[in-house]
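**Student:** Give me a model of this one.
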Amino acid sequence: MKRLVLLSILAMAPVLPAAADMLPGYDRFDLSAAHRARPVAASIWYPAANPTYRVPLGDGPIFDPSFVFVGPAVAEGRHPLVLLSHGSGGNVDTLGWLMTGLVARGAMVLAVNHPGSTSGDSSPRRSVDLAARAHDLSAALDAVMADPAFAPFIDVDRIGAVGFSLGGATALGLAGVRFDGLAQDSNCRAAPDAADCVFFRLGGVRFADYPGFDADTRDARVVRAVIIDPAFGCAVEPDSLSGALAGMTLINLGDADPLAAADVGPDGNDLVRRLPRATRVVIAPANHFTFLGTCKPGAPEMLEDEGEDPICTDPAGADRATVHAQLIEHIASGLGL
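**Tutor:** Numbering: from 1, shown residues only. Model prediction:
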């Protein structure tokens, strides 16, 4: 009789999905870093060993949310780890589509909301400090490498960096590229309405006055990098390029992106040729904003009514979810996932 009761209980027990088929595991932590006066909001996404409870992230009036399990155990094995840097005025939770895609490929993703250049806290004078942004990620990496909940599951030989827009410049810095403040000032005098000038001009920024813009922020633990529409590509320090990380993947969204600094091809700053063994991918039709999360119905009209940037408007023929799927493929390939 006891055997029949036990078999009945087992039959009713839920069958857990394989780790690769589950939602990402997710946890937040406050990062204490010497270069910041206050803790930095950090998060880690990872393959989950089991489900906990499902919550939406990045849910608001504009973007669709992503769903995660909060705080489950990490799936067995050693996983590649990706450092992710968001763009100017962005935040990590609205890029859940990317983290989810990379976790499905077996990676852990570590990200921060960079103080001074995140949603609701975006200042020209603080955003210009590329060194502080890079140090956010290096400090976050230090923290998880010392955390017994995560360190045993990290493949320390497969650490990569991914960055978009201002985050692209940040990731380039982690990969050994330096920038020249005097050159960027010259670029902005010649083209004050360029995409990587106008915001900083509104803050009265003179790039050469900020040592963090020119700093060497290479993190030797980073062995792969994927850069999407990077800012300040026309102000790289030429002497830094030959010694930068080899084999980077550079992605441009759109054939003729109006953000001239982001064009890494021969008609732009030609970073793809100037960096060692770099490759370029163009995804079109798309534009710079197509990288952001998928938008809720009515969001484009809401943004227009508020006089905000058209961050939900894609070029004719573009489907944001399809572009995201292509981005995940190319980013995963560039990271060796």
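**Student:** if I pick the residue nearest to residue 180 when sequence neighbours are not counted, what's in contact with it?
**Tutor:** Nearest residue to residue 180 in three dimensions, chain neighbours excluded: residue 237, at 4.8 Å (C-beta to C-beta, 6 or more residues apart in numbering). For every residue, glycine as well, the C-beta is placed using N, CA and C. If a contact means C-beta atoms under 8 Å, 6 or more residues apart in numbering, then residue 237 has 177-180, 183, 214 as its contacts.
**Student:** By neighbours, which of the residues you listed wins?
**Tutor:** residue 177 (29 neighbours; other C-beta atoms under 10 Å).
**Student:** right, and the helix or strand after the helix or strand containing residue 132?
**Tutor:** In the assignment (DSSP states H and E), residue 132 maps to helix 130-145. Next along the chain after helix 130-145, taking DSSP H and E as the criterion, comes strand 154-164.
**Student:** If you count contacts, what does that next one end up packed against?
**Tutor:** strand 79-85, helix 130-145, helix 166-174, strand 224-228, helix 320-335 (3 or more C-beta pairs under 8 Å, 6 or more residues apart in numbering; DSSP states H and E).
**Student:** counting contacts, what elements does whichever helix or strand comes after the third one pack onto?
**Tutor:** Using DSSP H and E, the helix or strand that follows helix 166-174 towards the C-terminus is helix 181-190. In terms of contact count using 3+ C-beta pairs under 8 Å, 6+ apart, helix 181-190 is assigned the packing partners helix 211-214.
**Student:** Compute the mean per-residue pLDDT across the helix it packs on, please.
**Tutor:** Averaged across helix 211-214, pLDDT comes to 96.
**Student:** So what touches that helix?
**Tutor:** Helix 211-214 has contacts (C-beta under 8 Å, 6+ apart) with 128-132, 178-181, 184, 207, 237.
**Student:** just stretch 128-138 next, same as before
**Tutor:** 31, 33, 35-36, 40, 83, 85, 110, 112, 114-117, 126, 161, 166-167, 169-170, 173-174, 179, 200, 205, 207, 210-213, 215, 217, 219.
**Student:** again, but for stretch 274-286
**Tutor:** Contacts of stretch 274-286 (C-beta under 8 Å, 6+ apart): 177, 236, 238, 241-242, 244-255, 264-265, 271-272, 314-318, 323, 326-327, 330, 334.
**Student:** and the end-to-end length of that stretch?
**Tutor:** One end of stretch 274-286 sits 25 Å from the other (C-alpha to C-alpha, to the nearest Å).
**Student:** Could you give me the buried positions within that stretch?
**Tutor:** Neighbour-count burial for stretch 274-286 flags 274-275, 278, 280-284, 286 (criterion: 16 or more other C-beta atoms under 10 Å).
**Student:** Need the CA coordinates for stretch 178-198. CSV is fine.
**Tutor:** Only the C-alpha atoms of stretch 178-198 are listed here, as CSV (Å, rounded to 0.1, in the frame of the first residue of the first chain):
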residue,chain,number,x,y,z
ARG,A,178,41.7,54.4,-26.1
PHE,A,179,40.0,57.7,-27.1
ASP,A,180,41.3,61.2,-27.7
GLY,A,181,39.4,64.1,-26.1
LEU,A,182,41.1,66.7,-28.2
ALA,A,183,40.1,64.8,-31.4
GLN,A,184,36.5,64.5,-30.2
ASP,A,185,36.4,68.3,-29.5
SER,A,186,37.7,68.9,-33.0
ASN,A,187,35.0,66.6,-34.4
CYS,A,188,32.3,68.4,-32.5
ARG,A,189,33.4,71.8,-33.7
ALA,A,190,33.3,70.6,-37.3
ALA,A,191,29.9,68.8,-36.8
PRO,A,192,28.2,70.1,-33.7
ASP,A,193,25.0,68.3,-34.5
ALA,A,194,26.6,64.9,-34.8
ALA,A,195,24.9,62.2,-32.7
ASP,A,196,27.9,61.9,-30.3
CYS,A,197,28.2,65.7,-29.9
VAL,A,198,24.8,67.3,-29.4
